[in-house]
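Visitor: no sequence on this one, just coordinates:
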Ligand code: DX5
Ligand code: ZN
């Protein structure tokens, strides 16, 4: 069973070769991934457009891996049902997004559907913004780049104190949610994130990039072992 003490490397599909997405999903699975990270971008909440629920559904058809869906979109509550039906296992929503209802109600709907739920914080959003929700989440995602694009450098100074504060608050209060980092995670930055409390490491460029993905996954796992 995966707990907040389990370290996992999560390949991010954003960095895969979309001309053969089914084979890329299989490549990640064969390379040892248990969870796959799917970045949904709406060209509005972030300055890029990626894919939507149909892609999540395509990926679901290719694999039984745990699908960790990161919604970088406004009005995630409006689109929620489609991602649930597409076969997501976890849905993470941003506290900074616009909602027709509210963050709390959206989390509640995700859980009611039998999925796990997470909230994400932009690098400039303080940990305090997560406080109203920490009792109701399975995962807290601390963005380590400004969301929108793969291949950006890890924002250590801006985000590691926040991650450490989240870990301290979580452990002091006996909470069990995962701490996930996303953006610029490589073998040299993953250990820094681990030291500060992360146990889920989203890796795009560093996992799908190299030709031998099994080797890149092994090296990343060794870096956080
Ligand atoms: C950034 C996305 C990330 C991205 C990470 O907006 O949320 O998941 O794919 O990519 P790398 O690992 O290349 O920084
Ligand atoms: Zn992401």
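Guide: Great, that's in hand. All values reported here derive from a predicted model rather than from experimental measurement. Ligands and ions are numbered 1, 2, ... in the order given.
Visitor: and the chain, which residues reach ligand 1?
Guide: Proximity of the chain to ligand 1 (CB under 6 Å from any ligand atom) is limited to residues 12, 14-15, 37, 39, 70, 145, 147-152, 182-185, 202-206. Heads up, the C-betas are built off the backbone N, CA and C, glycines and all.
Visitor: which of those are close to ligand 2?
Guide: Applying CB under 5 Å from the ion to the residues of the chain next to ligand 1, one finds that 39, 70, 182 fall near ligand 2.
Visitor: so what does the second one have for phi and psi?
Guide: The phi and psi values for residue 70, taken as degrees, to the nearest 10, are phi -110, psi 110.
Visitor: how many neighbours does it have?
Guide: Residues contacting residue 70 under the criterion other CB atoms under 10 Å number 28.
Visitor: for the first one, same thing?
Guide: For residue 39, the number of neighbouring residues by other CB under 10 Å comes to 24.
Visitor: can you pull the contacts of the closest residue to ligand 1 within the chain?
Guide: Proximity of the chain to ligand 1 (CB to the nearest ligand atom) peaks at residue 204, 2.8 Å away. Applying CB atoms under 8 Å, 6 or more residues apart in numbering to residue 204 gives the contacts 11-12, 14-15, 37, 150-151.
Visitor: between those, which is closest to residue 131?
Guide: Residue 131 has its nearest neighbour among the contacts of residue 204 in residue 37, at 24.8 Å by CB to CB.
Visitor: could you list every helix and strand in contact with the helix or strand hosting the closest one?
Guide: Using DSSP states H and E, residue 37 sits within strand 35-41. Using 3 or more CB pairs under 8 Å, 6 or more residues apart in numbering; DSSP states H and E, the elements in contact with strand 35-41 are strand 8-11, helix 21-30, helix 53-62, strand 66-72.
Visitor: in JSON lines, list those along with distance to residue 120 and mean pLDDT.
Guide: Listed next are these as JSON lines, based on distance: least, CB to CB, whole Å; pLDDT from 0 to 100:
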{"stretch": "strand 8-11", "distance to residue 120": "14", "mean pLDDT": "98"}
{"stretch": "helix 21-30", "distance to residue 120": "21", "mean pLDDT": "98"}
{"stretch": "helix 53-62", "distance to residue 120": "17", "mean pLDDT": "98"}
{"stretch": "strand 66-72", "distance to residue 120": "7", "mean pLDDT": "98"}
